[in-house]
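**Q** sequence plus the predicted model coming up.
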Protein chains: 2
Amino acid sequence: MRLLLLVTSAALLIGAAPAKTPLTPNDIVANSPGSAWKAIPADELMVIDLRSGGRVVVQLAPAFAPVHVANIQALARSNYWSGSSVYRVQDNYVAQWGENDSGKPWPKGVVPKPPAEYTRPLNGLKVTPLGSPDPYAAGAGFAGGWPIAYSPKAGWADLAHCYGSVGVGRDLSPDTGTGGELYAVIGHAPRQLDRNIALVGRVIDGIDKLSTLPRGTEALGFYKDKAQYMPISMVRLASEIPPAGRPSYEYMDTASAPFARYLKVRANRQDDFYIRPAGGVDLCNVQVPVRKKP
Amino acid sequence: MRLLLLVTSAALLIGAAPAKTPLTPNDIVANSPGSAWKAIPADELMVIDLRSGGRVVVQLAPAFAPVHVANIQALARSNYWSGSSVYRVQDNYVAQWGENDSGKPWPKGVVPKPPAEYTRPLNGLKVTPLGSPDPYAAGAGFAGGWPIAYSPKAGWADLAHCYGSVGVGRDLSPDTGTGGELYAVIGHAPRQLDRNIALVGRVIDGIDKLSTLPRGTEALGFYKDKAQYMPISMVRLASEIPPAGRPSYEYMDTASAPFARYLKVRANRQDDFYIRPAGGVDLCNVQVPVRKKP
């Protein structure tokens, strides 16, 4: 059986001289202390239950798009998305869901025309630089657990569109979208969208429930008829779920020493399978480790 | 209906002042002359028919991995893969297929231990530079219709692992794989594999027949039991298919002026939806246009 990418588990290292067996990124994650991890507040977890039985969990990013995230939290709390659907899936691009222009009224507390939260001030972020060049911005790295691009000169930072990123569907500018229609990236990072649309978070569990959906055959991956829609049973914040059944996650602190090691090894794979380490890595090829809280 | 990414079709531009309406990448492809396109030889098209009824078409790259590609052509001609399966699908990574260690003997003409065709000489390639920095190599661009990375100093070039790239599964080095087990990238570009494994081509049609398959639940995305495998009915070269039913494709010449314009616009989107053009683009975010031959 050709494995293509062997994972060297810590167990396999027993008996080997540790100095001669370079660690994999997974080794570093598995061996990191609890202090390198930060819990995600239950109010910042959006839990989407699909009629297929699949569950998709989204971590929200209030530090980057506070008005849009507050809208999404208000929409979840008011049960706005029950009965809505995933209505667009475009291969190597996005899966998109929501009310799809049903005209459903906004619940109380929703700001219908949020500001263009496409960037935020760089000031106030603790940035761990990527250490490799980025084609899309002068700077790239990680802050608060998120992949970001930034301009030290102009002073802005933005969330980067990577696999799993969740953003707010919108019409043409100056419309910024309200938050009722969302998309998740299910392909190669469409970084051209950075600074052109509001990102509000990322899928941290269950992305395969979206990425395996049939692709829509209409332009832009819209489904041809409503029978193809994937219905959404319920969307809740984790904080609305009784504690006994509440899902709970943590992410690796991107300002921690284990994350710095993880980043370095992602850019310089030297474990068994690799012959020539790249000596560099692109922003979206370094996924910030997220796991269920032990 | 929030479209998220409007495609401005040429039809919509009628009546508008052309100078004020920036072209989309699709506009450039649609308006390019026939001279900007190159036919793919029928011997360099591998047609994979799945039991699901889906068809996946792979363009082979003999200019980069001649021995592995010749193996694959010999395997296809001998009907080696009939009855084999897709046995591994890992989300945001690869779908892999073949005999999965069945011990089936190699047909005549197959080189069991090919050389490590991970790079080729840069010399002899007509390179169109990407024009943006690449984290994985000193140079990145396009040659002969393929996305490549290269080192002007060391003189090598390699095919880049992008969405849809097809490579040869292998065990640990110095094994290079024979070609009987292949994978296709179905997620963000895993460029760390560049120069560590032989790429032999790319999926040019039907990638969704692989990318929508259920993800395997075992380590590395292997399916837990054989009932989950997606059987392969038949793999043929297009040259083996009678002309009346033979699929035929062409790719945009990456040394052509329309491709240079396409590349420039991919890096500087200014059509309706975009407010802030990036001023750069990453290699795998520029897909070389491929279409059915008119």
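**A** Looks like it arrived, so ask away. Bear in mind the structure is a predicted one, so any value in this text is a computation, not a measurement. Numbering: from 1, shown residues only, chains lettered A, B, ... in the order given.
**Q** what's in contact with the helix or strand hosting A:Asp49?
**A** If you go by DSSP states H and E, A:Asp49 is part of strand A:45-50. Residues from elsewhere that reach strand A:45-50 (C-beta atoms under 8 Å, 6 or more residues apart in numbering or on different chains): A:55-60, A:72, A:76, A:81, A:86, A:97, A:201, A:206, A:209, A:230-239, A:241, A:247, A:249. Using the backbone N, CA and C atoms, a C-beta is placed for each residue, glycine as well.
**Q** partner strands of that strand, with direction?
**A** Sheet pairing of strand A:45-50 (DSSP bridges) gives strand A:55-60 (antiparallel), strand A:230-237 (antiparallel).
**Q** which element is A:Ala278 on?
**A** Here A:Ala278 sits in a region with no helix or strand, counting by DSSP H and E.
**Q** A:Ile28 too?
**A** Per DSSP H and E: A:Ile28 is located in helix A:25-30.
**Q** what about whatever helix or strand comes next after that helix, average pLDDT?
**A** Remark: after helix A:25-30, the chain's next helix or strand is strand A:37-39, criterion DSSP H and E. Average pLDDT, strand A:37-39: 98.
**Q** repeat for stretch A:236-248
**A** Mean pLDDT, stretch A:236-248: 97.
**Q** so which bits of it are buried?
**A** Neighbour-count burial for stretch A:236-248, with 16 or more other C-beta atoms under 10 Å in any protein chain shown as criterion, is recorded at A:Arg236, A:Leu237, A:Ala238, A:Ser239, A:Glu240, A:Pro247.
**Q** which residues in the stretch 51-200 of chain A form strands?
**A** A:55-60, A:85-89, A:94-98, A:120-121, A:127-129, A:139-143, A:146-151, A:156-159, A:165-168, A:182-185, A:199-205 (DSSP state E, counting those that start in this stretch).
**Q** just put the ones you listed in CSV and tack on distance to A:Thr21.
**A** Output for these, formatted as CSV (distance: least, C-beta to C-beta, whole Å):
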stretch, distance to A:Thr21
strand A:55-60, 33
strand A:85-89, 41
strand A:94-98, 39
strand A:120-121, 42
strand A:127-129, 26
strand A:139-143, 27
strand A:146-151, 29
strand A:156-159, 36
strand A:165-168, 34
strand A:182-185, 35
strand A:199-205, 30
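**Q** so which of the ones you listed comes closest to B:Val185?
**A** Each of those has some distance to B:Val185 by C-beta to C-beta; the shortest is strand A:182-185, at 15.3 Å.
**Q** give the buried residues for the closest one.
**A** A:Leu182, A:Tyr183, A:Ala184, A:Val185.
**Q** out of the residues you listed, which comes closest to chain B?
**A** When the buried residues of strand A:182-185 are compared for distance to chain B (C-beta to the nearest C-beta), A:Tyr183 wins out at 5.8 Å.
**Q** and the buried residues of strand A:182-185 near chain B, which?
**A** Among the buried residues of strand A:182-185, the ones lying near chain B by C-beta under 8 Å from any C-beta of the partner chain are A:Tyr183.
**Q** any low-confidence regions in chain A?
**A** A:1-20 (pLDDT under 70).
**Q** rerun at 50
**A** Residue ranges of chain A with pLDDT under 50: A:1, A:5-19.
**Q** just the helices in it please.
**A** Assigned by DSSP state H, chain A shows helices spanning A:25-30, A:66-77, A:208-211, A:257-267.
**Q** just put these in CSV and tack on distance to chain B and mean neighbour count.
**A** Listed next are those as CSV, based on distance: least, C-beta to the nearest C-beta, whole Å; neighbours: other C-beta atoms under 10 Å in any protein chain shown:
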stretch, distance to chain B, mean neighbour count
helix A:25-30, 10, 18
helix A:66-77, 13, 22
helix A:208-211, 5, 22
helix A:257-267, 8, 19
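**Q** what's the closest of those to B:Val288?
**A** helix A:208-211 (23.4 Å).
**Q** which other helices and strands contact the closest one?
**A** Contacts defined by 3 or more C-beta pairs under 8 Å, 6 or more residues apart in numbering or on different chains; DSSP states H and E place helix A:208-211 against strand A:55-60.
**Q** which of the residues in the strand it packs on are buried?
**A** For strand A:55-60, by 16+ other C-beta under 10 Å, it's A:Val56, A:Val57, A:Val58, A:Gln59, A:Leu60.
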